[in-house]
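Visitor: The following comprises the amino acid sequence and a computationally predicted model.
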Amino acid sequence: MSGIRVVVVEDEPIAAQAHASYLERLDGFEVSGSAPSCAEALRVIAREKPDLVLLDMRLPDGHGLELLHRMRAGGQLCDVIAVTSVRDVEVVRHAMAMGITHYLIKPFTFDAFRTKLENYRAYRSHLHQTGRTVPDAVAQSDVDHLFDLRSSANGAPATPKGISPETLQAVTQLLACAEAGLSAAEVAQSVGTSRVTARRYLEHLAQTGFAERRERYGHAGRPEVEYLRHGS
């Protein structure tokens with residue numbers, strides 16, 4: 001498999017240079033272009049046809065989600081990783097619904113960047129290998145393994161039996177991007193599940209060490225349990 005071709009969409013020159021420099025330090029990636037705006041990004045992506053786009057959400061001529069919508073409408077199906085300081089839960093939710101592979105919040109270390117990109121590379125490699133060995137149709141086990149790898153690329157723990165990779169990914173990224181702890185009811189409303197289901201996923205994340213529990217006070221009656229990413 002050839003190198004993963006990446007376009008960096010970032011309006012801050014120093015940040016764009018840093019992202020390109022990070023990519024050059026990783027095996028299997030190559031920077032094929034960069035753009036500081038939505039308009040320029042559409043031109044560069046159409047010309048370069050990259051495998052992956054690193055996308056800032058705040059651009060001078062529009063929002064990153066608007067750009068993503070125009071990319072999909074134009075038939076650009078490349079993977080997208082958001083690299084942004086935007087922490088709004090609704091933005092995260094819409095980004096996931098539109099197929100964002102991961103949501104990386106600024107500022108971050110090179111180690112955090114490397115981990116996400118290397119996991120993504122492993123997912124791409126297995127996807128490519130599956131396409132070569134099973135060119136016509138995949139078995140359920142093949143699909144399950146690909147979803148597990150994608151969840152790993154998104155920073156989510158591997159999914160045990162009975163846990164949906166998509167729902168786990170949604171809950172994991174909500175916690176990762178939330179500025180404060182979230183209750184099961186708040187997660188259920190954001191993800192679109194029942195409160196009981198949301199609590200099951202939150203408890204799974206707590207048991208695997210990704211999240212931690214704490215009591216939320218300030219209301220009459222018993223304190224409410226909320227969950228936040230471990231170490232937040």
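Guide: That came through fine.

Visitor: who's in contact with the nearest residue to R229 once chain neighbours are set aside?
Guide: Leaving aside its sequence neighbours, R229 sits nearest to L175 (C-beta to C-beta, 6 or more residues apart in numbering; 4.8 Å). All C-beta atoms are positioned from the backbone trio N, CA, C, and that covers glycine. The contact partners of L175, by C-beta atoms under 8 Å, 6 or more residues apart in numbering, come to 182, 187, 202, 205, 210-211, 227-229.

Visitor: repeat for I105
Guide: I105 touches 84-85, 87, 176-177, counting by C-beta under 8 Å, 6+ apart.

Visitor: Need those residues in CSV (columns: distance to T115).
Guide: Output for the contacts of I105, formatted as CSV (distance: C-beta to C-beta, whole Å):
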residue, distance to T115
T84, 18
S85, 19
R87, 20
A176, 13
C177, 17
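
Visitor: Is it possible to mark the buried ones in those?
Guide: 84, 176-177 (16 or more other C-beta atoms under 10 Å).

Visitor: Closest one of those to K49?
Guide: Among the buried ones among the contacts of I105, T84 lies closest to K49 (C-beta to C-beta), at 23.3 Å.

Visitor: sorry, back to before: by neighbours, which of the contacts of L175 wins?
Guide: Sorting these by how many neighbours each has (other C-beta atoms under 10 Å) puts Y227 first, at 27 neighbours.

Visitor: Hmm, H69 is touching I100, no?
Guide: No. Using C-beta atoms under 8 Å, H69 is not in contact with I100, being 11.8 Å away.

Visitor: between the two, who's got more neighbours?
Guide: More neighbours surround I100 than the other of H69 and I100, with 23 against 14 (other C-beta under 10 Å).

Visitor: What is the longest helix of the chain by residue count?
Guide: If you go by DSSP state H, the chain has its longest helix at helix 110-133.
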